[in-house]
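S.K.: What follows is a predicted protein model with its sequence.
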Amino acid sequence: MSQFHWDFMVFLSIAAAITGVVWALETWRFAPARRASGGAEKANGVVEFCRSFFPVIIIVLVLRAWIVEPFRIPSGSMIPTLNVGDFILVNKFTYGLREPVTHHKLLPLAGQPQRGDVVVFRWPVDPSKDFIKRVIGLPGDRIQYRDKQLIINGERVIQEQDGAFSSPVGRIERFEEALADRGSHQIILTNDRRGQSFDFTVPPGEYFVMGDNRDGSDDSRGWGTVSEANLVGRAFFIWMSWDGENNRVDFSRIGMRIR
């Protein structure tokens, strides 16, 4: 999605360190020294600023680093699940707590990506960029794609047609796709585009991901799998949506759960 969130996290971390040091020095050294000498009760403006903003910065840092982070959808690779202009929330602790700058895992929680999860991850080609796709293959899975039909570990994934419409890129068909016991989700296929056939076994510690816009997604079919270390979190909620074509808020999508 963009490099912004990484830059912002670096900025927050630096700001937290600086204001935290000033807050600690003021609390345990400068303020007691002033009181002992009968000096001014209040510190100067810079110190007061750091004291005031340190708790705020810490709260924002903790929320964004380890609990939940907002993202904006910039492309149509996940249509019809996610539209361009959707603003989503991503659960950051689902797959373990990570240090916000280096992304080193601090606490490996029990959760692991499940087939069907919609995940945000650092793009393997350029980790400064975030992508969002659906997990199709888990470590060790054999993924086959024939005539735009998914086959996982020898079993055909059920697809039931749920409508069709015309577009500038051709006739588009919408399907309900069911991945194991994770319920169903919608995908779209463009009739005028050929599907890429392949037979692939997912390596250990890696995940095979695809967009729900199967013929309009740059995903594992092109650049490979996503390593566990590159996972950011699981997308779960649309909190805002902007309809760019009509230049208005799309209230019908606000509050939708991502499945």
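M.R.: Now that the structure is in, tell me what you want to look at.
S.K.: Tell me the spacing between the nearest residue to Arg182 once chain neighbours are set aside and Glu155.
M.R.: Nearest residue to Arg182, sequence neighbours excluded (CB to CB, 6 or more residues apart in numbering): Gly116, at 3.4 Å. Backbone N, C-alpha and C define where each C-beta goes, glycine included. Relative to Glu155, Gly116 is positioned 14 Å away (CB to CB, to the nearest Å).
S.K.: Can you pick out the residue with more neighbours from these two?
M.R.: Gly116 (18 against 9; other CB atoms under 10 Å).
S.K.: Arg34 falls within a strand, correct?
M.R.: No - with DSSP: H, G, I helix; E, B strand; the rest coil as the criterion, Arg34 is located in helix rather than a strand.
S.K.: Mind pulling the model confidence for it?
M.R.: Arg34 is assigned a predicted lDDT (pLDDT) of 75.
S.K.: and if you look at the one 5 residues further on?
M.R.: pLDDT for Gly39: 64.
S.K.: Which other helices and strands does the lengthiest strand in the chain contact?
M.R.: Scanning the chain for the longest strand, with DSSP state E as the assignment, gives strand 231-243. Strand 231-243 sits against strand 68-72, strand 86-91, strand 118-122, strand 248-249, with contacts defined as 3 or more CB pairs under 8 Å, 6 or more residues apart in numbering; DSSP states H and E.
S.K.: which stretch in those has the least confidence?
M.R.: Looking at the helices and strands packed on strand 231-243, the weakest mean confidence is strand 68-72, a mean of 92.
S.K.: Show me which positions of it end up buried.
M.R.: Buried residues in strand 68-72, counting neighbours by 16 or more other CB atoms under 10 Å, are found at 69, 71.
S.K.: For it, which strands pair with it and how are they oriented?
M.R.: Strand pairing for strand 68-72, using DSSP bridges, gives strand 86-91 (antiparallel).
S.K.: Touching the strand it pairs with from outside, list them.
M.R.: With CB atoms under 8 Å, 6 or more residues apart in numbering as the test, strand 86-91 has contacts from 67-73, 82, 120, 132, 232-242, 253, 258.
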